[in-house]
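Peer 1: Sequence plus predicted model, see below.
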Amino acid sequence: MAIQKTIGRYEILSEIGHGAMGVVYLAHDPRIDRRVAIKTIHALEVLPDSEAEEVRQRFTREAQAAGRLQHPGIVTIFDVGEHGGTCYIAMEYIEGDTLEPYAKKGHLLAPQQAIDLIVQACEALDYAHQHHIVHRDIKPANLMLLKSGRLKITDFGLAKNPTTSLTQEGILIGTPNYMSPEQVMGRPLDGRTDLFSLCAVLYELLTGERPFPGDTVTTIIYRILNEQPAPPQGINRNVPPAVGQVLMKALAKEPDQRYQTGADLAKALKGRAVMAAAAGIGASRGMAMAAAPAPARQTAATSRPAPGSGRMLPRGPQIDDRPDTQPIPREVVASARAAAAAARVEPAPLVWPARVKATLIGLATVGLVLLLPAAANVSDRWGLGAKDGRQPFYRTAGIVAGGSPAAPAGGAGAGSTGPAQAGMAPPAVTLPGGTDTISVTWKTAPPGGRIYIDDVEVPGGVMQLPKNDKTSHTVVAESACFIEKVPYRAGADADGATRTIKLATPKIMTLPVASSPPGAGILLDGKETGKLTPAELPVAACGAHSVTLHLEGYKDVTSTVSGGTLAPITMAKVPLGFVKIAAPYALTILENGRTLGRSGEAIRLTGGRHKLVLKNEELFVEKTLDVHVVADKTTTPNPGLPGVGTLTVLTSPGNCAISLNGRDLGAPPINDLQIAAGTYTLRAVYVPTGESRETSVTISAGGGTRVPFKFNP
């Protein structure tokens with residue numbers, strides 16, 4: 001089937017993808033000269049004709065509302081319309097991958113990276129929910145990972161205001177595996193349904209399995225309403241229990257029992273216990289932890305049959321497992337809801353096997369204890385990158401000789417009697433590897449910086465290292481504004497050695513820059529970045545930075561920012577006027593090398609002064625014209641153009657080459673060539689010998705000039 005050439009004003013370039021909801025095209029917007037993505041929506045075809053017009057109008061209103069969202073984590077909607085009976089949305093075209101490939105076993109991201117991406121999505125959803133927009137279809141296919149590491153949420157054009165509905169009674173629109181219980185039951189929705197779906201995605205990114213799997217609608221809906229998902233750490237031993245606890249709360253059946261806002265969920269995912277565990281403290285300490293066996297899914301359904309039935313749920317119609325959102329027929333939804341409601345009982349608590357209990361008790365008696373000091377900000381990042389390009393979270397932990405926990409930074413914990421209470425220096429960090437150790441003290445210049453070895457903070461900069469340690473370590477020194485990273489081997493120092501690291505490399509942070517409208521060019525500290533809003537800029541963490549946005553038709557805006565935050569910038573339109581230039585011959589009109597139009601056309605320009613260039617290459621016309629454009633008016637300046645005369649050139653012999661002001665005119669004779677009045681340099685070259693003759697010639701308006709050249713062969 002051939003691809004249509006246009007949709008609305010947009011010129012279709014190629015098909016990007018298609019699914020049950022419609023087709024996505026790469027297109028060109030000729031009005032603004034940019035690439036956009038066009039998504040056509042076919043899902044409304046399932047509605048009766050009597051409701052189609054009302055739903056189209058509601059769809060347009062809701063897409064327009066979503067189009068007002070301006071956030072670096074949300075794909076911007078530019079336009080919404082209808083073409084040939086099909087609704088479409090024009091949106092920002094981005095290059096990246098969805099999270100679908102990373103939700104499959106064998107391709108999972110590190111827990112830390114998956115959490116980082118979901119935190120970005122939390123922040124974007126929190127912004128949308130504050131503007132009363134609920135997405136309703138959060139899933140891996142609608143989460144785009146850009147090459148920069150930034151996550152963007154797509155398909156907000158299908159989102160809705162919580163007070164409205166695009167769903168016909170009895171028809172479920174969405175991807176069932178990620179739906180919240182209230183969405184499945186057709187209840188009123190708010191932002192908490194998106195957070196439920198987002199944590200279902202995080203569960204899948206961490207385990208490679210969906211929290212509520214099933215190959216029929218009935219099975220999926222029943223599990224969403226009645227079953228607790230298996231603890232993710234039981235499926236993937238690399239998932240820290242602290243992360244599992246956050247997920248279990250986020251996937252609670254009742255909205256009031258979950259995190260209430262995206263900011264709340266992001267805060268929980270960035271909490272000390274979660275981030276320290278995701279960064280892998282246990283692994284970095286070399287502790288051999290017994291892996292608990294994956295507990296079986298403990299639910300009311302598996303512990304006892306549904307009341308009055310004693311049978312398994314009936315097998316419902318199969319659904320396509322594609323990521324595209326699909327409308328599910330009302331009869332299937334009704335059947336699944338009824339079956340789930342009939343069988344619904346309170347979920348049974350998860351029962352840990354005795355072997356797991358024994359393992360947990362055994363770990364509780366281990367003498368090595370990891371503590372997170374209260375002053376540690378584990379959500380900060382190294383300004384330097386990790387090997388895979390991601391920026392690892394740092395953490396603070398102390399493991400001291402004899403198995404005593406290090407006191408938290410900033411003071412001893414409640415009830416402790418360790419050295420910190422007596423005002424003594426923090427204990428040294430001891431790396432495992434033997435009892436025969438050496439002491440090495442690390443300092444920074446200027447003083448006061450923090451020291452880390454292999455991502456673990458060294459309180460006081462004093463560490464105990466085994467004499468026989470052959471391991472290569474990474475030592476990081478950092479202050480609020482600077483950071484250094486150096487390799488280190490213990491064998492290089494004697495006991496009592498002191499090393500100093502000079503802090504000189506600025507920490508780098510990411511500065512999000514957004515504007516309304518989007519697409520503005522960005523200057524950072526007076527230099528073009530080559531990026532358009534919305535974008536993220538790497539900047540030094542300390543000091544002030546100047547950000548200037550420029551967009552044709554809008555006034556330049558300059559902001560000074562420090563601290564890494566910059567509110568979205570609203571750009572004011574520049575008053576526009578028109579200029580119209582009358583001429584006796586055709587002219588091309590340019591400004592700064594860019595073609596604006598032709599003579600006789602009303603050319604739109606911003607109010608103020610402009611330096612225009614008027615050109616007609618055939619007539620040798622090139623004239624600069626200063627024009628003052630008045631807003632909302634048409635200016636008609638007198639260009640003062642020269643008249644036109646004619647030039648005839650004859651040569652003897654005839655095998656010559658003729659040029660005028662360096663431009664080749666070809667071989668003679670040149671008869672009555674029309675050119676603008678003026679003085680020119682005429683040159684003739686006798687081709688066989690290369691001999692040349694040159695003369696100055698003046699052309700008069702309305703007159704003819706004849707120039708002969710004679711060469712002696």
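Peer 2: Arrived safely, thanks for sending.
Peer 1: Surely residue 145 is in contact with residue 98?
Peer 2: Yes: with contacts defined as C-beta atoms under 8 Å, residue 145 counts as touching residue 98 at a distance of 7.3 Å. Yep, even glycine has a C-beta here, placed from its N, CA and C like the rest.
Peer 1: Neighbour count: these two, which is higher?
Peer 2: For residue 145 and residue 98, the more surrounded residue by other C-beta atoms under 10 Å is residue 145, and the numbers stand at 20 against 17.
Peer 1: For beta bridges, what are the partners of that one?
Peer 2: For residue 145, the residues forming beta bridges with it (DSSP bridges) are residue 97, residue 151.
Peer 1: separation between it and residue 97?
Peer 2: Using C-beta to C-beta, to the nearest Å, we find residue 145 at a distance of 5 Å from residue 97.
Peer 1: Okay, now stretch 527-547: how far is its last residue from its first?
Peer 2: One end of stretch 527-547 to the other measures 9 Å (C-alpha to C-alpha, to the nearest Å).
Peer 1: in it, what counts as buried?
Peer 2: The neighbour-count check on stretch 527-547 (16 or more other C-beta atoms under 10 Å) flags 532, 533, 534, 535, 536, 537, 539, 540, 541, 545, 547 as buried.
Peer 1: Which one among those sits at the bottom for pLDDT?
Peer 2: Lowest pLDDT among the buried residues of stretch 527-547: residue 541, with 82.
Peer 1: isn't that residue right next to residue 506, touching?
Peer 2: Yes: contact criterion C-beta under 8 Å: residue 541 and residue 506 qualify, at 6.7 Å.
Peer 1: quick one: low-confidence ranges for the stretch 301-450 of the chain?
Peer 2: 301-435 (pLDDT under 70).
Peer 1: Ok, the stretch 51-200 of the chain next?
Peer 2: Under the criterion of pLDDT under 70, the regions of the stretch 51-200 of the chain flagged as low confidence span 51-52, 55, 58, 62, 157-175.
Peer 1: let's go with 80 and repeat that
Peer 2: In the prediction, the stretch 51-200 of the chain carries residues with pLDDT under 80 at positions 51-66, 84-85, 156-175.
Peer 1: need the helices for it, in chain order.
Peer 2: For the stretch 51-200 of the chain, the helices defined by DSSP state H, counting those that start in this stretch occupy 111-130, 181-184, 191-207.
Peer 1: same question, the chain
Peer 2: Ranges of helices in the chain, per DSSP state H, are 49-67, 111-130, 181-184, 191-207, 217-226, 232-235, 241-250, 262-269, 272-278, 281-284, 300-303, 330-343, 354-364.
Peer 1: from the middle of its chain, how far away would the fourth one be?
Peer 2: Relative to its chain's centre, helix 191-207 lies at 18 Å (C-alpha atoms, centre = their mean, to the nearest Å).
Peer 1: before we move on, what about the third one?
Peer 2: Chain-centre distance of helix 181-184: 29 Å, with C-alpha atoms, centre = their mean.
Peer 1: Check the second one too.
Peer 2: In terms of C-alpha atoms, centre = their mean, the gap separating the centre of helix 111-130 from the centre of its chain is 11 Å.
Peer 1: In that helix, which residues are buried?
Peer 2: 111-129.
Peer 1: Need the contact partners of stretch 554-566.
Peer 2: Where contact means C-beta atoms under 8 Å, 6 or more residues apart in numbering, the residues beyond stretch 554-566 that reach it are 509-513, 515, 517, 520, 539, 541-550, 569, 571-574.
Peer 1: For it, measure first residue to last.
Peer 2: Using C-alpha to C-alpha, one end of stretch 554-566 lies 19 Å from the other.
Peer 1: what does stretch 234-253 give?
Peer 2: One end of stretch 234-253 to the other measures 21 Å (C-alpha to C-alpha).
Peer 1: list the buried ones in it?
Peer 2: Within stretch 234-253, the residues that qualify as buried are 234-236, 238-240, 242-244, 246-248, 250-253, counting by 16+ other C-beta under 10 Å.
Peer 1: show me the contacts for residue 693.
Peer 2: 683, 684, 709, 711.
Peer 1: Check residue 642 too.
Peer 2: In this structure, residue 642 makes contact with 621, 676, 677, 678, 701, judged by C-beta under 8 Å, 6+ apart.
Peer 1: how about 7 Å then?
Peer 2: With C-beta atoms under 7 Å, 6 or more residues apart in numbering as the criterion, the residues that contact residue 642 are 676, 677, 678, 701.
Peer 1: pretty sure the third one is touching residue 697, no?
Peer 2: No: applying C-beta atoms under 7 Å, one finds residue 678 not in contact with residue 697, separated by 9.7 Å.
Peer 1: Which neighbours do residue 541 and residue 506 have in common?
Peer 2: Shared contacts of residue 541 and residue 506 (C-beta under 7 Å, 6+ apart): residue 481.
Peer 1: Quick one: buried ones out of the contacts of residue 642?
Peer 2: Buried subset of those (neighbour count, 16+ other C-beta under 10 Å): 676, 677, 678.
Peer 1: do you know how far the last one is from residue 698?
Peer 2: Computed with C-beta to C-beta, the distance linking residue 678 and residue 698 is 7 Å.
Peer 1: What is the neighbour count of the nearest residue to residue 109 once chain neighbours are set aside?
Peer 2: Closest residue to residue 109 in three dimensions, ignoring its sequence neighbours and counting by C-beta to C-beta, 6 or more residues apart in numbering: residue 102, at 5.1 Å. For residue 102, the tally of surrounding residues (other C-beta under 10 Å) stands at 19.
Peer 1: Run through the residues that contact residue 147.
Peer 2: If you count contacts by C-beta under 7 Å, 6+ apart, residue 147 has them with residue 96.
Peer 1: Do you have the strands of the stretch 401-550 of the chain handy? List them.
Peer 2: Counting by DSSP state E, counting those that start in this stretch, the stretch 401-550 of the chain forms strands over residues 429-430, 437-445, 450-453, 456-457, 462-466, 472-478, 483-489, 497-502, 508-513, 515-516, 521-524, 527-532, 535-540, 545-550, given from the N-terminal end onward.
Peer 1: out of those strands, deepest packed?
Peer 2: Per residue and on average, the most neighbours among those fall to strand 456-457, with a mean of 23 (mean count of other C-beta atoms under 10 Å).
Peer 1: What mean pLDDT does that strand get?
Peer 2: When the per-residue pLDDT values of strand 456-457 are averaged, the result is 82.
Peer 1: what's the answer for stretch 683-694, then?
Peer 2: The average pLDDT for stretch 683-694 rounds to 93.
Peer 1: just stretch 463-481 next, same as before
Peer 2: If you average the pLDDT values across stretch 463-481, you get 84.
Peer 1: ditto for stretch 486-495
Peer 2: On average, stretch 486-495 scores 80.
Peer 1: Look at it and report the distance between its end residues.
Peer 2: Taking C-alpha to C-alpha, the span from the opening residue of stretch 486-495 to its closing residue is 20 Å.
Peer 1: quick one: that stretch to chain centroid distance?
Peer 2: Computed by C-alpha atoms, centre = their mean, the chain-centroid distance of stretch 486-495 equals 41 Å.
Peer 1: Find the residue closest to residue 629 in space, skipping its chain neighbours.
Peer 2: residue 577 (4.2 Å).
Peer 1: Now do the same contact list for the one you found.
Peer 2: By C-beta under 7 Å, 6+ apart, the contact set of residue 577 is 605, 607, 629, 630, 631, 632, 633, 635.
Peer 1: can you check residue 143 too?
Peer 2: Residues near residue 143 by C-beta under 7 Å, 6+ apart: 98, 99, 121, 151, 153, 201.
Peer 1: Over to residue 532?
Peer 2: With the criterion set at C-beta under 7 Å, 6+ apart, residue 532 makes contact with 519, 520, 521.
Peer 1: Just give the number of residues close to the first one.
Peer 2: Read that as residue 519. Residue 519 has 16 neighbouring residues, counting by other C-beta under 10 Å.
Peer 1: Could you report the separation of the nearest residue to it once chain neighbours are set aside from residue 53?
Peer 2: On the basis of C-beta to C-beta, 6+ apart, the spatially nearest residue to residue 519 that is not a chain neighbour turns out to be residue 532, at 5.2 Å. Per C-beta to C-beta, residue 532 is found 37 Å from residue 53.
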